[in-house]
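Peer 1: Below: sequence and its predicted model.
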Amino acid sequence: MDSQNKNTILAIALSVLVLIAWQFLYVSPKLDAERKAAELEAQRQQVEQSQASQKDETAGSENISDAGDLPNAGTSGDIPAVNPADGAVPGVSATTRQAAIANSARIAFENDHIIGSINLKAGRIDDLRLKDYHLTIDKTSPLVTLLSPSQTSEGYFAEFGFVGSAESGDVPGPETEWQVSGNDKLSPGNPVVLEWRNAKNVTFRRTISLDDIFLFTIEDTIENNSGNAISLSPYARVTRFGTPQTANIFVLHEGLIGVFGEDGLQEVDYSDVKDDKQVLSETHERGWLGITDKYWATALIPDGSFKPRFAYFDSGRERYQADYLGETLTVNAGGTQQVGHRFFGGAKKTEVVDAYQESENIESFDLMIDWGWFYFITKPLFKLMNWLYHQVGNFGVAILLTTVVIKAVLFPLANMSYASMAKMKKVQPEMEKIKAKAGDDRLKMQQEMMALYKREKINPAAGCWPMLIQIPVFFALYKVIYVTIEMRHAPFFGWIQDLSAPDPTSILNLFGLLPFESPAILAILAIGIWPLIMGITMFLQMQMNPAPPDPTQAMIFKWMPIVFTFMLATFPAGLVIYWAWNNTLSIAQQGVIMRKHGVKIELWDNLKSMFNRQKGDTPSK
């Protein structure tokens with residue numbers, strides 16, 4: 001197989017790879033999102049009012065289920081069920097968020113980053129908004145809401161309680177009405193204390209603390225004045241009603257997540273836990289678990305050994321739950337015991353998550369951010385970009401500078417590759433002679449070609465390395481721009497006010513000059529300015545080389561910039577800016593190397609030849 005055929009096959013393979021990636025990253029996710037939205041709407045219209053009594057279906061667990069009896073926690077080793085009265089049905093009996101908060105006794109909390117309240121019933125953290133993040137780039141738009149009371153259509157809360165025994169009597173659970181003791185507002189350095197006593201004279205005292213960012217600490221003290229030894233087990237859960245609409249994109253996990261000791265990272269999609277009902281694990285000494293969105297997450301961090309579970313319940317109203325049951329505690333008569341939990345509820349900001357992993361000694365907490373399989377490339381790439389951002393104050397500029405750094409690091413390999421390409425061009429006349437001399441004898445032609453390569457110290461495949469190296473870097477950068485909250489609503493210059501969103505301009509309305517928006521039906525044609533710049537730079541880069549003699553290869557290289565322009569039009573603007581800038585640097589780099597090796601740059605001749613053909617002239621040979 002000669003070098004031209006090899007290059008043709010490589011070009012076809014790369015094109016197919018890109019098209020497949022496009023299908024996985026954009027086409028299929030969009031179709032799935034539309035289908036899920038239709039299913040959710042149909043479900044909202046069909047769901048009826050929850051019945052007064054409810055018992056959740058379970059898949060059976062040795063000591064964890066959601067079928068415990070109310071009003072308080074289960075007394076048979078089970079995590080208690082969510083009260084049916086708590087779960088309003090979407091579209092039927094949903095309470096507004098404001099009404100649900102106003103109609104319940106609460107303790108307010110606030111620091112510089114979050115604001116909300118804790119429901120004294122069950123002691124749930126079910127009202128939490130993020131002060132640093134708005135729904136849109138407009139700073140006057142509403143704050144992002146992470147947690148809401150269970151009576152609302154998007155109920156989402158964290159709860160901490162106990163599973164008791166016959167000796168312990170009732171223990172804190174979903175129906176417990178806590179009483180405030182002392183301070184009635186939670187803030188950093190000012191914890192709140194809640195108390196509750198059961199009929200057997202067992203007192204439960206809960207101290208809740210809040211740090212400066214997103215971490216709550218819950219410390220429960222059990223005072224046993226019942227006259228007999230009692231046993232009970234702590235539990236914690238985050239519960240989310242309804243199926244959230246997710247991006248369903250290949251490079252991002254949204255759903256249930258955790259790190260379980262030696263088992264490591266566990267990621268379970270909503271659809272998977274919905275099919276399996278429960279995903280159980282053995283008892284572990286360290287780890288955490290919760291629910292993650294693209295930019296936000298909740299996480300439970302036990303202070304001791306725990307048995308985790310991911311679960312789905314569909315009785316009355318569907319909900320997803322990440323929970324764990326702690327080790328059994330024995331409290332002697334007249335004695336006390338303490339048990340603690342930690343709860344993270346906030347934005348997945350890299351510096352914050354990494355700091356919690358270090359300061360709180362949380363196992364692999366940084367994996368809450370979906371760095372992907374190429375963690376060793378993706379996270380360092382973000383660290384570099386984030387450091388540059390802090391130097392220049394603009395993430396778009398940081399992307400440009402990161403590209404320069406990457407180019408500098410890979411320059412030796414690129415230099416070798418372009419040098420090999422330059423040598424190939426210098427021996428092109430000799431290669432044509434070999435082809436003419438060999439005629440139809442393919443074996444003889446290949447033998448003489450290989451001898452030529454060996455004599456001139458040419459590696460025919462070396463010219464492919466620059467493009468191949470760009471692929472993992474491209475996907476790593478795509479991952480960084482798409483999944484990191486630091487890119488959300490990060491502006492560049494001019495019309496690019498959100499690097500994580502596509503270029504908002506469109507060729508259909510002359511980039512905003514005409515007074516109408518592009519019709520949705522023509523979305524595929526809504527190409528912005530930066531995708532066009534990217535396409536032009538890609539076209540110019542390809543014109544640096546002689547036109548391929550093989551018609552198939554020539555056609556692929558001719559259409560590839562056009563295909564990429566349409567594909568990247570829907571990608572985050574930050575990625576398109578990177579690609580355009582990378583192409584520009586590659587053109588300059590290749591030009592310098594080619595001049596160094598005395599090889600003619602074909603750019604202007606190829607452009608002239610193209611215009612001559614358009615005029616009907618016969619191009620000179």
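Peer 2: Cool, got the structure.

Peer 1: Need phi/psi at residue 178.
Peer 2: Backbone torsions of residue 178, given as degrees, to the nearest 10, read phi -80, psi 150.

Peer 1: Could you report the pLDDT at it?
Peer 2: In this model, residue 178 is scored at 97, pLDDT.

Peer 1: Touching, it and residue 196? I think so.
Peer 2: Yes. Under the criterion of C-beta atoms under 8 Å, residue 178 makes contact with residue 196 at 5.3 Å. All C-beta spots, glycine's among them, are computed from the backbone N, C-alpha and C.

Peer 1: For the two, indicate the residue with more neighbours.
Peer 2: For residue 178 versus residue 196, neighbours defined as other C-beta atoms under 10 Å are more numerous around residue 178 (22 against 19).

Peer 1: ok, for that one, nearest residue in space, not its chain neighbours?
Peer 2: residue 194 (4.0 Å; C-beta to C-beta, 6 or more residues apart in numbering).

Peer 1: Checking my notes, the one you found in a strand, right?
Peer 2: Yes. Under DSSP: H, G, I helix; E, B strand; the rest coil, residue 194 sits within a strand.

Peer 1: What's opposite it in the beta bridge?
Peer 2: Applying DSSP bridges to residue 194 yields these beta-bridge partners: residue 180, residue 206.

Peer 1: List the residues that contact it.
Peer 2: 120, 123, 178, 179, 180, 181, 205, 206, 207, 208 (C-beta atoms under 8 Å, 6 or more residues apart in numbering).

Peer 1: Please convert those residues to a markdown table, extending it with distance to residue 446.
Peer 2: A markdown table is the format used below for those (distance: C-beta to C-beta, whole Å):
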| residue | distance to residue 446 |
| --- | --- |
| 120 | 82 |
| 123 | 77 |
| 178 | 82 |
| 179 | 88 |
| 180 | 86 |
| 181 | 87 |
| 205 | 84 |
| 206 | 79 |
| 207 | 79 |
| 208 | 76 |
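
Peer 1: where does the residue nearest to residue 178 land on pLDDT?
Peer 2: So, for residue 194, pLDDT stands at 97.

Peer 1: Of the contacts of residue 194 - the most surrounded one?
Peer 2: residue 123 (26 neighbours).

Peer 1: Please report how far the nearest residue to that residue once chain neighbours are set aside lies from residue 326.
Peer 2: Nearest residue to residue 123, sequence neighbours excluded (C-beta to C-beta, 6+ apart): residue 178, at 5.1 Å. As judged by C-beta to C-beta, to the nearest Å, residue 178 and residue 326 stand 20 Å apart.

Peer 1: what's the answer for residue 255, then?
Peer 2: 24 Å.

Peer 1: what's the least confident helix or strand in the protein, going by average pLDDT?
Peer 2: helix 28-46 (a mean of 44; mean pLDDT, DSSP states H and E).

Peer 1: residues shared between the contacts of residue 178 and residue 196?
Peer 2: 172, 206.

Peer 1: Run through who's touching stretch 226-233.
Peer 2: If you take C-beta under 8 Å, 6+ apart as the criterion, stretch 226-233 is touched by 77, 162-165, 167-169, 171, 200-202, 222, 224, 325-333.

Peer 1: and that stretch, which residues are buried?
Peer 2: Using 16 or more other C-beta atoms under 10 Å as the test for burial, stretch 226-233 gives 226, 230, 232, 233.

Peer 1: Equivalent analysis for stretch 338-347, please.
Peer 2: For stretch 338-347, by 16+ other C-beta under 10 Å, it's 339, 340, 341, 342, 343, 344, 345, 346, 347.

Peer 1: mind showing which ranges of this structure have poor pLDDT?
Peer 2: Residue ranges of the chain with pLDDT under 70: 1-77, 83-94, 418, 460-467, 470, 508-525, 545-554, 597, 599, 604-621.

Peer 1: Now tabulate the buried residues of stretch 226-233 in JSON lines and tack on distance to residue 456 and secondary structure.
Peer 2: Shown next, in JSON lines, are these (distance: C-beta to C-beta, whole Å; DSSP: H, G, I helix; E, B strand; the rest coil):
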{"residue": "226", "distance to residue 456": "92", "secondary structure": "coil"}
{"residue": "230", "distance to residue 456": "86", "secondary structure": "strand"}
{"residue": "232", "distance to residue 456": "81", "secondary structure": "strand"}
{"residue": "233", "distance to residue 456": "75", "secondary structure": "strand"}
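
Peer 1: ok, so of these, who is nearest residue 498?
Peer 2: residue 233 (46.5 Å; C-beta to C-beta).

Peer 1: Can you name the residues bridging to that closest one?
Peer 2: residue 163.

Peer 1: Need the three-state assignment for the residue with the largest distance to the centre of the chain.
Peer 2: Distance from the C-alpha centroid of the chain peaks at residue 437, with 57.6 Å (C-alpha atoms, centre = their mean). Recorded secondary structure, residue 437: helix (three-state DSSP).

Peer 1: now swap in residue 268 and tell me
Peer 2: strand.

Peer 1: which residues does it bridge with?
Peer 2: Here residue 268, judged by DSSP bridges, has bridge partners residue 256.

Peer 1: Over to the one 10 residues further on?
Peer 2: Taking DSSP bridges as the rule, residue 278 bridges to residue 311.

Peer 1: So what's the residue count around it?
Peer 2: Residue 278: 19 neighbours (other C-beta under 10 Å).

Peer 1: domain parsing for the chain?
Peer 2: 54-243+304-344, 379-614 (automatic domain parsing).

Peer 1: Hmm, residue 589 is touching residue 408, no?
Peer 2: No. Under the criterion of C-beta under 8 Å, residue 589 makes no contact with residue 408, lying 10.1 Å away.

Peer 1: more crowded one of these two?
Peer 2: residue 589 (17 against 11).

Peer 1: picking that back up, just put the buried residues of stretch 226-233 in JSON lines and tack on distance to residue 133.
Peer 2: Shown next, in JSON lines, are these (distance: C-beta to C-beta, whole Å):
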{"residue": "226", "distance to residue 133": "47"}
{"residue": "230", "distance to residue 133": "44"}
{"residue": "232", "distance to residue 133": "39"}
{"residue": "233", "distance to residue 133": "36"}
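
Peer 1: out of those residues, which one sits closest to residue 273?
Peer 2: residue 233 (23.1 Å).

Peer 1: measure the closest one to residue 299 for me?
Peer 2: In terms of C-beta to C-beta, residue 233 sits 20 Å off from residue 299.

Peer 1: again with residue 498
Peer 2: On the measure of C-beta to C-beta, residue 498 and residue 299 end up 27 Å apart.

Peer 1: Neighbour count: these two, which is higher?
Peer 2: residue 299 (28 against 19).

Peer 1: Excluding chain neighbours, what is closest to the more buried one?
Peer 2: Nearest residue to residue 299 in three dimensions, chain neighbours excluded: residue 290, at 3.5 Å (C-beta to C-beta, 6+ apart).

Peer 1: just checking, that neighbour is part of a helix?
Peer 2: No. Residue 290 is assigned strand when assessed by three-state DSSP, not a helix.

Peer 1: got the buried residues for the top helix by length along the chain?
Peer 2: Longest helix in the chain by number of residues, with DSSP state H as the criterion: helix 573-596. Under the neighbour-count criterion of 16+ other C-beta under 10 Å, helix 573-596 has 573-587, 589-590, 593-594 buried.
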